[in-house]
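Visitor: coordinates only, sequence not included:
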């Protein structure tokens, strides 16, 4: 995935889309004040300068799906591991809730279910049937919309073809009004995401940590490389 | 080596040790436990006049129970029940009952866990070092120290269970065969931790039990004689000990072997606990000094706790002649050495970060100084102050002063564990997620309950098992005695 920081205007549509797609409960005022707002994708705001010369920078932050993920090696029960698509996946049923993975994630993008999710009234009818609900006491995080990746692959297989670039769009990518987010196969040299990730504008967050994240951020230069 | 051999060799120099030889009048002073000479003496002949009165005296805390004891136990029970009730509520409602939140996934529970593992580190270490170095003054206090290890480990082992999100799935961490062929992840420091603590608990329990055998037999005989209800479990647990040659020789071999084994296991246990932190890539935790620093910190808080405990036992059970000023003095000297090493390590850890000023690491220190400044001063100041105070013999032999100094050391060490967990996790790499944390009522109640639980375990142990290492004291008496050299009688020791 690539995130074009020059295009992001911090509208937060991706956050809402993610929440709706992945059955993430909204925790209410009290829990949010406790600092337990469960956002698989969050928009971090950094403010530069002082009034009146203020500039706000937005940084959409989700699980970076690191190639050498620090969260994986510390889990005592293999509840989180690297699957063969290069995704860092979380097995909800296996998780014991030691929360060690969260401590070892430099991006702090892992979230814990402090309570059982509480979906009230109409919210229940709105749940995505493709995504499992998580009970209290387990970790969860961005899956790159695993269910959409599966569906995209199934559809391609049904039609007897390879997955084309743009077949699979996670909820955030689909929703982003400015097109700041791109998703695709980074190993396919013709894909848009691969071209962006190999452009001179691409950076990784906390590169010095050696986590080799799959998410590349694009910054500086002309916004449109195509 | 067997005490029987020792007895033979001491007989050879005509020093039976007690009762059977006449003393010169100037040496009579050593026989009187209240005399100054006896208190300064390094052997236990003075508390041991004859076997019967010694047994009666040292078994008294076990066989006589006052009403205050029951009141105390009930009070502890209430505190524990309170903690347990909060724990049950937390399990049913969810971990949200604590004040932890992203990205502070570990809080006061883990700090307390590390504290209790640390507390467990001196009992058996002190006991095995003193056994192996044949320090003669160690004899009466071994059991009290060993029991502390076993019980603080039991309390420590409770905390991972309190901490995990899904208590009912905790068996996933055990290598149980299952249909999906899922295996625990042995790359995770938590797995190492679980195994290390399991081994240490088994080892120190065995050490405690083997050491208990001869004394259990003495207590059993007394219980059977007096038709006391304790005879049932004592007969079972003393494994039919009769005190034969073979039993003593096996006993001595086993306790030596276990002393060496424990001495190897104990440092590895706390090193592994430190790796729960140091093996992560979190700035502030990821440092090579954590292994030795944790081990020294553990021994530091442990020895301080041993002293606190000894002074309390001495005061409550009037065991002044068994746990003497001498013991506290010797332990305090050991504590000074460890305190200096710990303070030095802490200085090293600070100095490197301060000099390099790497923002992600120095930022944590600044954060910590800003929010936990007074805590930092209690911890470092307490440690430095205790070193200075304990340098005076007058203070080392003053029980009230030592009680408060060692208590201060342990308050400091609890703060140290808290400061290792909390400021570092509330100041992670992602600046957007910086946060604050204060433990909730649930967390505090469970932590206070854990302290009461430890005291309760110890209090029950006192009433069920002999607290003074009687066999070792007797052995010490046998190997030392007054030998007549010409016109003078000289106190001599036969090497163990």
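Guide: On my side now, so go ahead. Note that this is a predicted model, so its numbers are computed, not measured.

Visitor: Can the strand or helix carrying residue B:202 be said to contact chain A?
Guide: Here residue B:202, judged by DSSP states H and E, is contained in helix B:189-226. Yes: Helix B:189-226 reaches chain A (Cβ under 8 Å from any Cβ of the partner chain) through B:189-191, B:194. C-beta: built from backbone N, CA, C; applies to glycine.

Visitor: Same list, these, but as TSV with neighbour count please.
Guide: Formatted as TSV, the residues of helix B:189-226 next to chain A follow (neighbours: other Cβ atoms under 10 Å in any protein chain shown):
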residue	neighbour count
B:189	22
B:190	23
B:191	20
B:194	18
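
Visitor: need the residues you listed in TSV with distance to residue A:204 and pLDDT, can you?
Guide: Shown next, in TSV, are the residues of helix B:189-226 next to chain A (distance: Cβ to Cβ, whole Å; pLDDT from 0 to 100):
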residue	distance to residue A:204	pLDDT
B:189	26	93
B:190	28	92
B:191	30	92
B:194	34	91
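
Visitor: Export these as CSV, with columns for distance to residue A:76.
Guide: Formatted as CSV, these follow (distance: Cβ to Cβ, whole Å):
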residue, distance to residue A:76
B:189, 8
B:190, 4
B:191, 5
B:194, 7
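
Visitor: Go through these and say which is closest to residue B:353.
Guide: residue B:189 (22.3 Å; Cβ to Cβ).

Visitor: what's the closest one in contact with, if anything?
Guide: By Cβ atoms under 8 Å, 6 or more residues apart in numbering or on different chains, the contact set of residue B:189 is A:74, A:100, B:272, B:275-276, B:279.

Visitor: same thing with residue B:188?
Guide: So residue B:188 contacts A:73-76, A:100 (Cβ under 8 Å, 6+ apart).

Visitor: ok, it to residue B:320 distance?
Guide: From residue B:188 across to residue B:320, the span is 49 Å (Cβ to Cβ, to the nearest Å).

Visitor: Apart from its neighbours in sequence, what residue is nearest the residue of the stretch 251-400 of chain B found nearest chain A?
Guide: Across the stretch 251-400 of chain B, no residue is closer to chain A than residue B:280, which sits at 4.3 Å (Cβ to the nearest Cβ). The spatially closest residue to residue B:280, leaving aside those adjacent along the chain, is residue A:104, at 4.3 Å (Cβ to Cβ, 6 or more residues apart in numbering or on different chains).

Visitor: Below-threshold pLDDT in the stretch 51-200 of chain B: ranges please.
Guide: The model of the stretch 51-200 of chain B has pLDDT under 70 over residues B:136.

Visitor: Could I get the full set of helices for it?
Guide: B:51-63, B:67-93, B:108-132, B:142-163, B:189-226 (DSSP state H, counting those that start in this stretch).

Visitor: Tell me which residues of the helix or strand hosting residue B:372 come out buried.
Guide: Take DSSP H and E as the rule and residue B:372 turns out to sit in helix B:359-390. For helix B:359-390, a neighbour-count test (16 or more other Cβ atoms under 10 Å in any protein chain shown) marks B:360-365, B:367-368, B:371-372, B:375-376, B:378-380, B:382-383, B:385-387, B:389-390 as buried.

Visitor: going on from it, what's the next piece of helix or strand?
Guide: helix B:393-396.

Visitor: pLDDT on that following helix, on average?
Guide: Helix B:393-396 shows a mean pLDDT of 88.

Visitor: One more: stretch A:106-115?
Guide: 92.

Visitor: Same check on stretch B:296-315?
Guide: Stretch B:296-315 comes out at a mean pLDDT of 90.

Visitor: For residue B:339, the count of nearby residues, please.
Guide: Residues lying near residue B:339 (other Cβ atoms under 10 Å in any protein chain shown) number 25.

Visitor: Kindly provide the distance from it to residue B:405.
Guide: Relative to residue B:405, and taking Cβ to Cβ, residue B:339 is found at 10 Å.

Visitor: Report the entries of the contacts of residue B:188 that also contact chain B.
Guide: A:73-76, A:100.

Visitor: possible to save those residues as CSV with neighbour count?
Guide: CSV is the format used below for those (neighbours: other Cβ under 10 Å):
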residue, neighbour count
A:73, 18
A:74, 25
A:75, 27
A:76, 23
A:100, 24
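
Visitor: Relative to residue B:236, which of those residues is nearest.
Guide: Using Cβ to Cβ, residue A:76 is the member of these that lies nearest residue B:236, at 37.0 Å.

Visitor: ok, that closest one - contacts?
Guide: By Cβ under 8 Å, 6+ apart, the neighbours of residue A:76 are A:96, A:98, A:100, B:173, B:184-185, B:188, B:190-191, B:194.

Visitor: ok, and the helix or strand in chain A with the lowest average confidence?
Guide: Ranked by mean pLDDT, DSSP states H and E, the weakest helix or strand in chain A is helix A:122-125, scoring a mean of 82.
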